[in-house]
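Asker: For reference, the sequence and a predicted model appear below.
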Amino acid sequence: MRPLLTLSLLAAIAATPLAMAQDGSPVGLWKTIDDASGKPTALIRITEQQGELQGKIEKLFRAPNEDQNPKCVQCTDGRKDQPIVGMTIVTGLKKTGDEYTGGEILDPKNGKVYKSKLTVREGGKKVEVRGFIGMPMFGRSQVWLRQE
């Protein structure tokens, strides 16, 4: 009987950090980090309206020799040739258990729109944003860092 109690206690202790990591809100200002270079790329403001998350680009971190106000020339929807700063790139994410799912994310570099999901990490200090085609296993993730 004691080994079962010990195992139950250990399982509860191990699950506590995971539960705590999921309790923060994704609403706020986030610094995006390029998953390939590790460098900051933008500041994204996530808001919630009628139970859905949206994310809008507030600032881009660009090299001095790069266009400081680029447009989404690769976009194929109503955002085509619109300034990237001020553009809504995350839409439709709804809370589903410990994640936000069912949304879309635009990659302004290539103009492609992907399905997306978002998971709050480290008690709201980070979010993991995943863009994918079809199923989440066919995509890539970025970790964004809270700025407020």
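Answerer: That came through fine.
Asker: Contacts only, for the residue nearest the centre of the chain.
Answerer: Centrality entry for the chain: nearest residue to the mean C-alpha point is Val129, 3.0 Å, by CA atoms, centre = their mean. Val129 makes contact with Val90, Ile105, Ser116, Lys117, Leu118, Ser141, Gln142, Val143, Trp144 under the criterion CB atoms under 8 Å, 6 or more residues apart in numbering. Backbone N, C-alpha and C define where each C-beta goes, glycine included.
Asker: Just send the residues you listed back as TSV, with pLDDT and distance to Arg62 too.
Answerer: TSV is the format used below for those (pLDDT from 0 to 100; distance: CB to CB, whole Å):
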residue	pLDDT	distance to Arg62
Val90	98	20
Ile105	97	20
Ser116	97	24
Lys117	97	28
Leu118	98	25
Ser141	91	23
Gln142	92	18
Val143	94	21
Trp144	96	18
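Asker: Among the residues you listed, find me the one that's closest to Glu99.
Answerer: Nearest to Glu99 among the contacts of Val129: Lys117, at 5.5 Å, using CB to CB.
Asker: host element of that closest one?
Answerer: Per DSSP states H and E: Lys117 is located in strand 112-121.
Asker: ok, and for that strand, which residues are buried?
Answerer: Under the neighbour-count criterion of 16 or more other CB atoms under 10 Å, strand 112-121 has Val113, Tyr114, Lys115, Ser116, Lys117, Leu118, Thr119, Val120, Arg121 buried.
Asker: Dump the C-alpha coordinates for it into CSV.
Answerer: Provided in CSV are the C-alpha atoms of strand 112-121 (Å, rounded to 0.1, in the frame of the first residue of the first chain):
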residue,chain,number,x,y,z
LYS,A,112,1.1,32.0,-46.2
VAL,A,113,-1.6,31.5,-43.7
TYR,A,114,-1.3,28.4,-41.4
LYS,A,115,-3.6,26.8,-38.9
SER,A,116,-2.3,27.6,-35.4
LYS,A,117,-2.4,26.8,-31.8
LEU,A,118,-0.9,28.5,-28.7
THR,A,119,0.2,27.2,-25.4
VAL,A,120,1.0,29.3,-22.4
ARG,A,121,4.3,28.3,-20.7
